[in-house]
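Visitor: Give me a model of this one.
(chains A and B)
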There are 2 protein chains.
Amino acid sequence: MSRPIVSRIPSTKLLYCPRQFRWSQRLVYFKHASGRYSSSKSPVPLPVLAPLPPTLKQKAAEVVYSDLPSGTTVTVNGWIRTIRKHKKYAFVNILDGSHDKVLQLVFNDPDRVNDLRVGVSLTVTGTIQRRQIPADPYEILVESYNVLGSVPEDEPYPLQNKYLSQDYLRRELPTIRFRSLSSGVAMRFRSRAVSELARYFDENEFIQTHPPLITSSDCEGAGEVFTVVSESSETPFFGKQGYLTVSTQLHLEALMMGLSRVWTLSPAFRAEKSITSRHLSEFWMLEAEVAFADRLEHIMSLVEGLLRTALTRLKESGALESVLSVKTYLEGQKSQDGHGEDKDQEITRAQVLQRWDGMLQNAPWKRITYKRAVEVLKQAEKEGKARFESSAEYGDNLKSEHEKWLASQYAQGPMFVTQYPSQLKPFYMLPTPGSCGGTVECFDLLVPDLGELVGGSLREFDYTRLKASIERTGVDAGDLEWYAELRKWGSVPHGGFGMGFERLICYLVGIYNIRDVIAFPRWVDHCVC
Amino acid sequence: MSRPIVSRIPSTKLLYCPRQFRWSQRLVYFKHASGRYSSSKSPVPLPVLAPLPPTLKQKAAEVVYSDLPSGTTVTVNGWIRTIRKHKKYAFVNILDGSHDKVLQLVFNDPDRVNDLRVGVSLTVTGTIQRRQIPADPYEILVESYNVLGSVPEDEPYPLQNKYLSQDYLRRELPTIRFRSLSSGVAMRFRSRAVSELARYFDENEFIQTHPPLITSSDCEGAGEVFTVVSESSETPFFGKQGYLTVSTQLHLEALMMGLSRVWTLSPAFRAEKSITSRHLSEFWMLEAEVAFADRLEHIMSLVEGLLRTALTRLKESGALESVLSVKTYLEGQKSQDGHGEDKDQEITRAQVLQRWDGMLQNAPWKRITYKRAVEVLKQAEKEGKARFESSAEYGDNLKSEHEKWLASQYAQGPMFVTQYPSQLKPFYMLPTPGSCGGTVECFDLLVPDLGELVGGSLREFDYTRLKASIERTGVDAGDLEWYAELRKWGSVPHGGFGMGFERLICYLVGIYNIRDVIAFPRWVDHCVC
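Guide: Coordinates of the predicted model:
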């Protein structure tokens, strides 16, 4: 083994460390020549690093970990975000999207940056200048640089360092918006969220599956389903009509009947023409099914455990901090540049923090029945505590205003509303025992500001009762026969849930429009690139 | 904090432990009443367990970890796999898909199982009987049981305990095959592989992204692309034709231009009519793009690091062991049941082991140029070391037989073949410097038995040169203008790769047909459920 570089990590300098290191602040780390890290005590094998040009995040971590002294020569890559010329110096900030920080390059002759312009990509070699700012531990005194890619001289670089709304970025810069701070932080957060959600499922022995995207039934789509055709084929390519899935639940149940605990993060599609901030034609759904779960509490606890654990870890690893610091930065930038209305900036930093606090509050999240929820809403209106455009009535779906009020005002945090009347819910839900089919064993998870975030239920697991229920819906029973037949061979009580992944991300990063947390949003009349 | 249950883990009993524990065999673990685990030394927060009925895998881990003594009462759930009646006892084996082991239930009166049949699901309460077999540490002496779901009395349960080929399972039991050992192990392995691949990307600061499935260009599809239509819409839903993506690479490059390191595991679609064991109409692709990578070695090292690390960890965590033990079991079962030809069983346990050993061998994987590869092939044929249906010729694509021979015989393990002639490769690849456009900076990763597993390249990053290259292909340049324009604003050298995810899984679990490692395979004329 090569002679290791040993360094003690000062806990005040943890901002930049790779996330694997955040769990411990008291150990001694070794970096081997092979690129592998190890620590004095950790039993966990530390990451194996790919031999790639280091990102700015990795370089910053190395400066902090290995306590690289001022004067050490390093090479970094990035895109120029700002250029400031002073009398004796010039300062150029670069970023590379690996985190939301910029790195300051110092040129000791302002004329050396005359050829540089915002947006240019470059490789820089220079020496480290350590700083006493924990969030910004070093800058680079430039020795030499090499422009990798220039920008046109006759067109202004579109991503200038000024406030640009998400709306503008998406509309005008659909392909290069990822280099902006606001899109960048959303994309990075999305990635971290996937990791943490997957980790919780992994720890709980859920099997990650990939149900099909192309299906042979449109029964759940209610006419809002896309059809898949092959234009080089005279007859239907699949021998029958193929559709894009609207939910993987039915197929997930088949997988559950063999593997017990399954989950997926999968695309889903709706040919819906409504244009709102909450609808996409192509979006990602997180869905799970659990065998042998015979109480609704099982599924609610799973949802609560999943979100609470993932959020705790996202917070611990600094992901929330990143979101908030970008929010603060953008708020400042916006007030300076003085733009008008902007839905995103209506969601303040404080509000984002409140959402997270609500999710992470200690008590188990409030759980009330639909019946009780309607009573609470009526009572609140009667007492003048709330005013709704339309009153809640037993038997009607809760309106968005009701859901928001319940979570924001009544629960002041996430809450489960359970046991809705059967006629409001799909055919596959399990009737509440003793309710004579009046209600079903289901829940909606409501959160402040947004309303419904997750929906789940126990599923009917008796073949005959499910067939009867399908018949009542009037859909073609033939299409669903394979699904009903899952109940024929050792059926088990089970339940599951579904969550719109983009809605979760919007909620947690304080972005208003669902189109701004997915890379290339698709909706009616919109399919750019 | 509640008084913890403390137990020392005997290292001989690690077969069943949750994978988080495998990294250390010398620590003392605590299980808290909250369901959270911790250890005496580990700085890593241990898993938070969801309050669900435990799986058989979790229950086995608990028996081993907490050293539950014989006589402890437990409750478990599962499906009956076998029933054996003896004079004084009856033995019923159950499984639940959480791992590939069965749990033996002992009934002390054979008549008590008269109502039970294979396939029935049940909840069992009984007492633990510890055994001295590490792989099978306990059985349950049944006190009471409760049938959850029965099977029809007039139809035989289709998943009897005898050898059923993957082919038969897929064709005849498309929805309940996941309960079989052979499909089960494939699905579980697939899930573990996703986790380990994601972990490597995570550690290397790659951002997991979700490029679009519906795209506005069919330029890469060469006529084998599906069209997406909304039947309730007179005009094209997206204002123009929408297609299902054939590869996310182009969009991934856009994300890379802002986020530096990006990857995705994403569905891709081909309306190909060829029916082979290697083609699906819907499959999953693992793709990555890296900014500032300016040497092909960067991308090859990334691929090698990714696969080597993921496989090492899959092996360490027992995933390979599971694959092999199921393979052994099925081989035995098949020779007993005496079925005929079966492509899966032609891939032996020894062969699977050889594939893994090849991938994990110590030296860096062999790397030779396409030119050299052709020479090697010609030489081998001349010397009588190899015999091909058609000889390799410079300028032609390597045939599958060539690729297999190179990896199996020449390299005896994975190998990279680099720098193919430009005319064999897509327009976006970077010409080899100094080759006058003769070759491009690309590689194919070839593996024994299979041939090509991964393809990658550096990408052309100059706007003008890329435009010229697009023009030469004859595709509609308008469709690709957005892609070319990524090079206008601070373009950077970059490269990436793509790997068919199902092909990787097939290779590593020794399954012959790609259709058997995806839950619901789709190909021409086949879209079941």
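Visitor: Does the residue nearest to A:Gln104 when sequence neighbours are not counted lie in a helix or a strand, and which?
Guide: Closest residue in space to A:Gln104, ignoring its immediate chain neighbours: A:Glu139 at 4.1 Å, by C-beta to C-beta, 6 or more residues apart in numbering or on different chains. All C-beta atoms are positioned from the backbone trio N, CA, C, and that covers glycine. Mapping A:Glu139 onto the secondary structure by DSSP states H and E places it in strand A:138-149.
Visitor: chain center to that strand: distance?
Guide: Computed by C-alpha atoms, centre = their mean, to the nearest Å, the separation of strand A:138-149 from the middle of its chain amounts to 34 Å.
Visitor: tell me which residues in it are buried?
Guide: Within strand A:138-149, the residues that count as buried by 16 or more other C-beta atoms under 10 Å in any protein chain shown are A:138-140, A:142, A:145, A:148-149.
Visitor: next one: phi and psi at A:Gly119?
Guide: Dihedral pair for A:Gly119: phi 100, psi -20, per degrees, to the nearest 10.
Visitor: which ones are touching it?
Guide: Neighbouring residues of A:Gly119 by C-beta atoms under 8 Å, 6 or more residues apart in numbering or on different chains: A:79-80, A:151, A:157, A:159, B:489-490.
Visitor: got the residue ranges for the strands in the stretch 401-529 of chain A?
Guide: Using DSSP state E, counting those that start in this stretch, the strands of the stretch 401-529 of chain A run over A:415-418, A:442-447, A:451-459, A:494-500.
Visitor: Please narrow the contacts of A:Gly119 to those residing in strands.
Guide: When DSSP state E is applied, the contacts of A:Gly119 are split such that A:79-80 fall in strands.
Visitor: Return the closest of the contacts of A:Gly119 with respect to B:Ala363.
Guide: Using C-beta to C-beta, A:Trp79 is the member of these that lies nearest B:Ala363, at 37.6 Å.
Visitor: Could you name the specific helix or strand carrying the residue nearest to A:Leu486 when sequence neighbours are not counted?
Guide: Closest residue to A:Leu486 apart from its sequence neighbours, by C-beta to C-beta, 6+ apart: A:Met257 at 5.3 Å. A:Met257 is located in helix A:249-259, with elements delineated by DSSP H and E.
Visitor: do whatever helix or strand comes next after that helix and chain B meet?
Guide: For helix A:249-259, the succeeding helix or strand toward the C-terminus, using DSSP H and E, is strand A:261-269. Yes. Using C-beta under 8 Å from any C-beta of the partner chain, we find that strand A:261-269 touches chain B at A:261, A:267, A:269.
Visitor: and strand A:261-269, what other elements does it pack with?
Guide: In this structure, strand A:261-269 packs against helix A:181-203, strand A:207-208, helix A:249-259, strand A:282-291, with contacts taken as 3 or more C-beta pairs under 8 Å, 6 or more residues apart in numbering or on different chains; DSSP states H and E.
Visitor: Pull up the pairing partners for the shortest one, direction included.
Guide: I take that to be strand A:207-208. strand A:261-269 (parallel) (DSSP bridges).
Visitor: quick one, what contacts A:Ile140?
Guide: By C-beta under 8 Å, 6+ apart, the residues touching A:Ile140 are A:74, A:76, A:103-106, A:124, A:126-129.
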